[in-house]
Each structure stands twice: as structure tokens, then as C-alpha cells.
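# Compute the structure for the input listed below.
(chains A and B)
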2 protein chains.
Amino acid sequence: MMGRLINLSLLVLAISMITPNNPFKTAGAFSIIGYLVTVTIIPRVGNSFIKIGLKGRDMSKSGNPPEIPETMGVVSAITYLFLMFGMIPFVFFKYLVSYSNLANDAYQTNNYLEQYESIDDTKLFPHNKLSQYLSAIICLQGTILLGLFDDLFDIRWRHKFFLPAVASLPLLIVYYVDFSVTSIVIPSFVTSHIPFGLGDVLLSILNEVVRLGNHAATYVTGLSFNTLSTDFLVPKDDPKLLDLGIFYYIYMSAISIFCPNSINILAGINGLEVGQSVVLSIIFLLNDFCYLFTLDSNSAAYDSHLFSMIFLVPFLGVSLGLLRFNWFPSKVFVGDTYCYFSGMVFAQVGILGHFSKTLLIFFLPQIINFIYSVPQLFHIVPCPRHRLPKYNAKDNLMYPSYGEISALSGKKLASATFLLKTFSFFKFIDLKKDPQGNITEFSNMTIINLNLVWFGPLREDTLCMLILSQQLVLGVTMILVRHTIGPWLFGYDNLTFRIK
Amino acid sequence: MMGRLINLSLLVLAISMITPNNPFKTAGAFSIIGYLVTVTIIPRVGNSFIKIGLKGRDMSKSGNPPEIPETMGVVSAITYLFLMFGMIPFVFFKYLVSYSNLANDAYQTNNYLEQYESIDDTKLFPHNKLSQYLSAIICLQGTILLGLFDDLFDIRWRHKFFLPAVASLPLLIVYYVDFSVTSIVIPSFVTSHIPFGLGDVLLSILNEVVRLGNHAATYVTGLSFNTLSTDFLVPKDDPKLLDLGIFYYIYMSAISIFCPNSINILAGINGLEVGQSVVLSIIFLLNDFCYLFTLDSNSAAYDSHLFSMIFLVPFLGVSLGLLRFNWFPSKVFVGDTYCYFSGMVFAQVGILGHFSKTLLIFFLPQIINFIYSVPQLFHIVPCPRHRLPKYNAKDNLMYPSYGEISALSGKKLASATFLLKTFSFFKFIDLKKDPQGNITEFSNMTIINLNLVWFGPLREDTLCMLILSQQLVLGVTMILVRHTIGPWLFGYDNLTFRIK
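Have a look, this model is predicted:
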């Protein structure tokens, strides 16, 4: 009863906050609505999901855990899509309208004029971003669709790894026809601080490789792949620019493969998939606000980060709604759909907001987890089917899980032993040995297990909270690094850079 | 082997046809690719669909028909989405580029300039349509997603009826921010041929209703709903215009509910869902070509029908691919997903192409089927769970199926009997009577059954072909009517109307 009253008043608050041409208030309002819709729908549809086989048992619980619905992240994801549809008329101003030629109806005209005249104060969202906004929605919708196929059909790992790249195609294509800035800024130390002019040599080799790649792509498709006009972002004659052309698209595609998969890999304990998404969006938003609160509203970077803010604030809402049910002890599982969807939100915000390099430093824990996993993923040391931490029903705590090396012999054993010993020396792994001192087992190489090796055993929610705190602290540190060391490396910071 | 060679050469032909900035050739090429992809994928994924429960038995076959995959239309639909993504860089020209400010690379610049200079000849697709194009893709993607939910979760009829309206939201929203023409042309006979000036009275009442509705909508949302500038389509001071405002959005929403559902209702025999979609797209394309081959390329109607053509030609390709497997005897079922998807393609082409009234006359067989079904759908006469025609294993023919009225009594029986007798008088129904002359059974009210009453019994494919022929003949007639009686009623025809 009390809960309902709070929800209702939140809803009323949200609706009263929706104001045409005020992206901040509107995004906040839609975030609240997203939260409310998610927490309302999830408990109601769980059984339908179980009925068609989207279900699973939580093996890290004592007794005989009941079957709970799987793939429930799709509720958040679809709610999010509708929020993004609904926001369009409020964040974009009608633009085909000529100011001198209005409706016959005085009421409508006055309403329109009032909004038109208030634009300068409220910092309008640029209408020319509409195509990008729509392409982002298409990309997310495609991601959800493919994620759903993955959850339904159990697609093989080596295929599903590339699904996000397929879903991101529309994003890249609209980027091509509508934006097509493919230049990147070369850090100034490359040209000035590398001795013997080697930096320049390196750059000219790179330039030639890029040129050949672009010509090949143009020959095949008939389309031109260079940045045809770069003065949009940085002065064209600035020597520190490298125009990557087709390679920039390959790079963006790689980003959109990386983000969804990296969230999908750092998973397996209650609340971690959604939790890390929530923390990531908080970090991204903090970075956005660095720009939005200091920059002039007609700079390019302002628009980019306004774009990012508009996409992330409602995302935070629907994710928090999902987290309420996915937090320890989980009542629902989120499914691959959510991991892909969430990763893609970050990827596209980074791509369309033109801060895909900054994006990567915010994903540092995920990158570390991936690099740390490489020896197992590429089978340098054995990789068991599941690398989740081990639950002990007696003390209700999580312990690191172990892989065995008994199957190895010869050269493979030698290289594995060498690697494990090196890792062990730096305390990056826990080893179990037989009485002869030979390694028999090693803790699986995920940062979840590593945290248990260092700080464990821990209860599932403490473990999750620990990893999320690490992500938050690293993220905030990276924001500081980005705006202190970054400018020094690159010779300028777009936080202070103004469009001409 | 022979088949593979033909496919391969078709593919080579298609790829060679793809040319930047030539929508006709490109659409044709993508249509061929769509056909090839569909016929390649469908036989390969059928088993996966059967495995997760998307399967059914064809009850109109003799013996013990095997289980065949259901919802295979989703293959066509998703292939179509990728075709539409892929077409973007070829039908839209890069526009952020300033002609004077090109890349440093002479090869890229020349390639671009060459295309730029050839634009006038090849009739360019306008870049400002990009948002609409993207909103159409979003709308279709949403339709597929909801259709898939329908096929998976078996949503109740009264809920699923409105799913397409939900999917069409992004279309309407982008229409609002980007286009927002909500005026319709009043037929000139209303103002000039209705006696006593009653036409004018009617119009002013209508005007007042619309005004009040618009004000209410503006009050609630804060958004303006009138056409703020109408000189885009027809001169603003033309007295024959009525600005529907918010009601135009309701009307468009109704269209997008009607088209998918009407295709979903006229269904149930092998090949009919896909077949009617193929015939409809041929009719729509014939109408488009009426404009494209006679109009000047800078008229608004030209752009609209170019838009329609770009969407329909690839649709024809993926549908023909599906039809190959769905035609009698079916190897796959198409599922609700396909019906929704296909109906939505037509709805959005009509809405964004601004010919939603013309659209309705092309859907005449579907409208007739719906109106004819009304007595059963609204339970004026009893409606059995399935109204499919009845298969007779002995002669391998289809017979009309019958509903019973034995459950009725009193007033209900009297009104049903009256209705059935009236229908029977016009031969619109077949009745079975007991020895006393009382009606016991009546043929179910679908045009499928009606065709069997008139021309039956028929084999399933003959029946399907008969209905498709009727659709084609009616459609072609309607194109003629549209361009002869239409102009006479409305006082002008946009086939001869030029933008100022």
C-alpha cells in the first residue's frame, strides 16, 4: 500500500517534469518512469518466461533453489526503447516549420512560439542529431533482437561473439552518411617527444597503410571513405590529425563488439551484470556532467555529451528497476540479452558522442578481466566449462573455483606451469600442489575469483559489492586522469576546446 | 548444382547493379540479394525453430503430416532489415560535406565529385528523408520484436490486436518532429455539390471538433499539434484543406493497426499470407511507377513514391523467397510475425509516402473480408474457434467450413436467422437446414469460405491462386479508379500536381 503510494507520487512527479525542449528534466522524468514500469512489469511476466523454457536454477543458494525466470533483462531493454521513442518529441524541436508561417489556430501558434522563444535559455538539443538518435535506437533494438535469439537458440560462443557487430551496422552506416568524421587526434608526444623524428616516420607509414586500405574499400564499394570535411571537429590543417577512413569504421565495430562481450564475460554472480552497468552509467554521467556544467552550449563537445546524458539517464532508471530483482538473492536472471543491450548502450554513446577512447578507460576493470582471462580463453592453461566461484552451502560463502592441469603433458605442461608460477609470484593466482610440490590446481582466471583469492571467502552480495566498488573507484580515478594527463598527452583537451 | 550456378550468377548480377545514388538499380539489386539470402537460410534454420517449440502440423494434408517449422517469416523479416540497413549508404548521399572542402586524398575526392556531378541525371534520393527512413526501420524492427513475442508467448487476441499500434509509435513520433503535415484535402463535391450549403456546415462542425481535440492534446502534452506549415504540400490558403492535427495521428495509428491485422485475418491456407503480400506489393509498385515514370523528380509526390518503391522492391524479394517454401504444399509456416511485418511495411509506406487513403482502396479484399467477418467477430452469429476451410482427405479438396446456430435461442436466434437469410438471399452464404426448414448450419464468413461456396470444392493451391487473382484484378482496377474518379471527386490529382 505504502509502496504503491510512493510509486504513484513518483509517477506524478515524473510526468510533471516532462517539458518540451528541456533535455535534462525530460531525461530525469523518463528515467523515473522507466524504473516504475520495470519494477511493475517484471514480477508480472516471470511465469510466462518460465513457461516457454526461459528459466534456470541459482546454484549458489542452499537447499533446493526454485526455478526462476531467465532473460528478464529484455523487460528493461524494451521499456528503455519505448522511453527513447517517447522522449523524441520532447527533446527535438519541430524544424520543418518556418517561423513566419504558422498554423491558423492562435492557441497552437502561441504555444509553439512560446517554446521557440524559450529555446536559448533551455539549451536545445540539435535537430540534426535526430538521425543519429534514431540509428542508436535501431542499433539497440537490433541488439535486443539478436540477444533474444541467443537466449532462445543457444548460439555457439564463436558466433555470438560477433552478433553485436552485426547489430551495430546501422549505427556505422548512419555515421557514414550523416557524420563521417573519421579523423583522430595524434597525441602530441608522438610528433614532438619521440627522438630521431621516429614519430613522424611512424605516422607517415601509418598514413600510407590507411590510404591503401581506403582505396581498396572505395574500389570495392564505390563509396568514398575519407573524412570529406573535418573542420567540424578540429581545424583541418592541424598537423596532429590522422584520417583513418575505413579503419575508423573497423575500430568502431570493434568497440561495439568489445563492450557487450566484456559485460557478458564479467558475470555469473547475483547482481553483477546489472550492477556493473549501473556503476558504468554513473561514471559515464559524471564525465558528461564535467562537460555539460562547464562548456558553452554551442560547442560540439557539449552536444555530444548532452546526447550521452539523454541516453544514459533513462538507462540508469530501467537498470535500477531490474537490479531490484536481480540483486542477491536474485528473483530473476537477466540473460545475455541484457548484457548485450547494456554494453551496446555504452558503445553507441561512446561512438556517437565521439569519446570512444575515453570509453575504453572507463571499461578498465572489464579490460583487465578480459586480459587476465586470455590464458584460459586461448587455452594456454586449461579452461573448465564454468569458471564461476564455488558456493559452499555450509557457511553460505563463495570460494574461488579451480581449474586442473592434470590433462596437460610435455611442452604444454611446461608452458602452463611457467605461466602459473609467474602469476603466483605476483599473487595473481592461487595454486594447489600435491605433496611432491607439483601444481595440480589453480584458481580460475577471472577478477571475480581473484577477489576471492585476495579477500575471500565472501558472501555473494559482499563479493558483488566489492567488485562494483572497485569499478567505481577506478572509474572516478580515470575521469581525473582523462582531464589531467590526457590534455598533456594530446596537446589539447576538448573540455576547453571551443568550436570556431 | 544447376540451381547453385543460377543463384551465384544472380548474386553477381545483383552486386554489379549496386550503384551509389541510383535508388532504382540499388533497390533491384537488394531485392535479388534478399531472395537469395532467404531461400538459403530458411531450409538451414527450420530444425532449430522446431527444437524450441515453434512448430505445427498442416491439417489440410492427407495421411499423417509431419511437424513443420512455424514463424519462419522472421527470417524474411530480419533479412529485410539488413537489406534496408545496407541500402542506406547507396541511396542517401553524404550531406555534411561542403563541396569546397574535401579530403586530402585526391582519389577519394574524385570519386566523390564524380558521384556528386552525376546526381542530376540519376534522380537523387533526398537526404532529409533519412530520419523517416530510419523511423520506418525502427517501426518494422519493433513490429518483428512484438510479433516474435506474440509467436512465443501466445498473447491474447484482444491484446495482440493493438501490438502494431505500439510498434508504429516511433513512426508517428518522427512524423511529428520531422514532417507534421496533418492536413487532408476535402473532396470538392463536399463544398460544391452538397445542396443547401450543408457541406460547409458539416465542415465547420468538423473544424470545431478538431480544434477542441487539438487544444486538449496540447494542454496535456505541452506540444503543438496543428500543421504549422502546410505550404509544403498544397497552398495553405486553399479552402479545400482540413487540418486534422492530433486526429491525423490517431488516423495513422488506425492504419497501422488495420494493415497488419487484416493480413493476419485473411490467412490459414498454404501461401495466402505471403501470396497476398506479394500481390499487394506488386499493386503498390504499379501505383508508384505511375508517378515515378510521369512526374518531374523534384515534386513532393515523386519523392514519396520513390520512398515507397525503395521499401517495396526489397520486400518483394524476401517475400518471394519465403513464398517458395510456404506455397502449397507448405514446408514452413510463416507465423504472425510475418503477417504483422508485412502489413506494417504497407502501412508505413502509405503513411510516410502520404498516400494512406489510396492504401486503403488497395486493401479492398482485406476490408471486404473484415466487414464480411463482422457478424461472427462481434458474435451476432456464432463464431467457432477456427474458421479455416475443411479439408477432405478422400478427394484432396477443400470444402467450406460451417458454424452452428443450435446454441442460440430467443431474440439472438431471431436476429441471427434474419441476418443469415438476408445473406443467403444474396448468395453470400451457404445454409444447411433440417427437414423442418430451420437453419442448422451456415458457412463461416470469410472470403476464403465464400470462394469455396461459389466455386468450390477446390484444391488448396487453386483456392489460394483464385483469391490472389481477385486481389490483383481488384487492385489494378483500383489504380485506374484512383486516377480517374479520384481527381474528379477531389478536384485535383497529385499525379499532375506540381510543387510550387
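# can you give me the strands for chain A?
With strands called from DSSP state E, chain A shows them at A:55-57, A:67-69, A:183-185, A:241-243, A:390-392, A:397-399, A:402-404, A:431-433, A:439-443.
# out of those, nearest to chain B?
Checking those against chain B by CB to the nearest CB gives strand A:241-243 as the closest, at 7.0 Å. All C-beta atoms are positioned from the backbone trio N, CA, C, and that covers glycine.
# and the closest one, average pLDDT?
Averaged across strand A:241-243, the pLDDT comes to 76.
# any idea of the pLDDT on the closest residue to residue A:136 other than its chain neighbours?
Of all residues not flanking residue A:136 in the chain, residue A:348 sits nearest, at 4.8 Å (CB to CB, 6 or more residues apart in numbering or on different chains). With respect to pLDDT, residue A:348 scores 92.
# Could you check how far residue A:348 is from residue A:138?
According to CB to CB, to the nearest Å, residue A:348 stands 10 Å off from residue A:138.
# shared neighbours of the two, anything?
Applying CB atoms under 8 Å, 6 or more residues apart in numbering or on different chains, one finds that residue A:348 and residue A:138 are jointly contacted by residue A:171.
# How many neighbouring residues does whatever residue of the stretch 201-350 of chain A ends up closest to chain B have?
Relative to chain B, the nearest point of the stretch 201-350 of chain A is residue A:226 (3.6 Å; CB to the nearest CB). When neighbours are counted by other CB atoms under 10 Å in any protein chain shown, residue A:226 registers 28.
# does the residue nearest to residue A:136 really touch residue A:171, like I thought?
Yes: assessed by CB atoms under 8 Å, residue A:348 is found in contact with residue A:171 at 5.6 Å.
# Between those two, tell me which one has more neighbours.
residue A:348 (29 against 26).
# How about the contacts made by the more buried one?
Shown in contact with residue A:348 (CB under 8 Å, 6+ apart): A:136, A:139, A:140, A:168, A:171, A:256, A:311.
# just to revisit the earlier point, which stretch among the strands of chain A comes nearest residue A:211?
strand A:241-243 (9.1 Å; CB to CB).
# Pairing partners for that closest one, with directions?
If you go by DSSP bridges, strand A:241-243 pairs up with strand A:183-185 (antiparallel).
# pLDDT averaged over the strand it pairs with - what is it?
Mean pLDDT, strand A:183-185: 75.
# Repeat that for stretch A:36-47.
For stretch A:36-47, the mean per-residue pLDDT is 93.
# That stretch: which residues count as buried?
Within stretch A:36-47, the residues that count as buried by 16 or more other CB atoms under 10 Å in any protein chain shown are A:36, A:37, A:38, A:39, A:41, A:42, A:46.
# Run through who's touching that stretch.
Outside stretch A:36-47, the residues that touch it by CB under 8 Å, 6+ apart are A:7, A:10-11, A:14, A:68-69, A:72, A:75-76, A:79, A:317-318, A:321-322, A:324-325, A:331-332.
# Among those, the buried ones, what's the PyMOL command?
Filtering the contacts of stretch A:36-47 down to the buried ones (16+ other CB under 10 Å) takes a single PyMOL command:
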select buried, chain A and resi 14+68+69+72+75+76+79+317+318+321+322+324+325+331+332
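# Mind listing residues that contact stretch A:386-395?
With contact meaning CB under 8 Å, 6+ apart, stretch A:386-395 is reached by A:59-63, A:268-269, A:376, A:397-401, A:403, A:444-446, A:448-449, A:452, A:456-457, A:460, A:463.
# okay, how far is it across it, tip to tip?
Length of stretch A:386-395, first residue to last, CA to CA, to the nearest Å: 22 Å.
# nearest residue to residue A:337 other than its sequence neighbours?
Nearest residue to residue A:337, sequence neighbours excluded (CB to CB, 6+ apart): residue A:147, at 3.4 Å.
# How about residue A:244?
residue A:182 is the one closest to residue A:244 (CB to CB, 6+ apart), at 5.1 Å.
# my guess is that neighbour meets residue A:217, correct?
No: here residue A:182 lies out of contact with residue A:217, judged by CB under 8 Å, at a distance of 11.4 Å.
# Which neighbours do those two have in common?
A:225, A:245, A:246.
# Centroid-nearest residue for chain A?
The residue lying closest to the centre of chain A (CA atoms, centre = their mean) is residue A:346, at 2.9 Å.
# That one contacts residue A:358, doesn't it?
No: the pair residue A:346 / residue A:358 is not scored as a contact, 11.1 Å apart, by CB under 8 Å.
# ok, the residue nearest to residue A:57 when sequence neighbours are not counted - contacts?
Counting by CB to CB, 6+ apart, residue A:57 lies nearest to residue A:65, which is 5.1 Å off, once chain neighbours are set aside. Taking CB under 8 Å, 6+ apart, we find residue A:65 in contact with A:57, A:58, A:59.
# where does residue A:65 land on pLDDT?
Residue A:65 is assigned a pLDDT of 86 by the prediction.
# Tell me how far it lies from residue A:448.
20 Å.
# can you map out the helices along the stretch 151-300 of chain A?
Ranges of helices within the stretch 151-300 of chain A are A:157-160, A:163-167, A:169-178, A:188-192, A:198-221, A:246-265, A:272-292, A:300-326, based on DSSP state H, counting those that start in this stretch.
# wait, does the last one contact chain B?
Looking back up the chat, that one is helix A:300-326. No: using CB under 8 Å from any CB of the partner chain, helix A:300-326 stays clear of chain B, coming no nearer than 12.3 Å.
# tell me how far stretch A:138-147 is from the chain's mean position?
14 Å (CA atoms, centre = their mean, to the nearest Å).
# Alpha carbons only: can I get that stretch in PDB?
Output in PDB follows, covering the C-alpha atoms of stretch A:138-147 (Å, rounded to 0.1, in the frame of the first residue of the first chain):
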ATOM      1  CA  ILE A 138      17.800   0.800 -34.300                       C
ATOM      2  CA  CYS A 139      21.200  -0.500 -33.100                       C
ATOM      3  CA  LEU A 140      19.800  -1.200 -29.600                       C
ATOM      4  CA  GLN A 141      16.600  -2.800 -31.000                       C
ATOM      5  CA  GLY A 142      18.700  -5.000 -33.200                       C
ATOM      6  CA  THR A 143      20.900  -5.900 -30.300                       C
ATOM      7  CA  ILE A 144      17.900  -6.900 -28.300                       C
ATOM      8  CA  LEU A 145      16.500  -8.900 -31.200                       C
ATOM      9  CA  LEU A 146      19.800 -10.800 -31.600                       C
ATOM     10  CA  GLY A 147      20.300 -11.200 -27.900                       C
END
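# Low-confidence stretches in chain A?
A:93-105, A:112-113, A:115-128, A:179-180, A:191, A:227-240, A:297-298, A:490-500 (pLDDT under 70).
# Which residues does stretch A:76-83 contact?
Contacts for stretch A:76-83 (CB under 8 Å, 6+ apart): A:30-31, A:33-34, A:37-38, A:41, A:137, A:140-141, A:144, A:147, A:314-315, A:317-319, A:321-322, A:337-338, A:341, B:142, B:145, B:169.
# I'm done for today, thanks for sticking with me.
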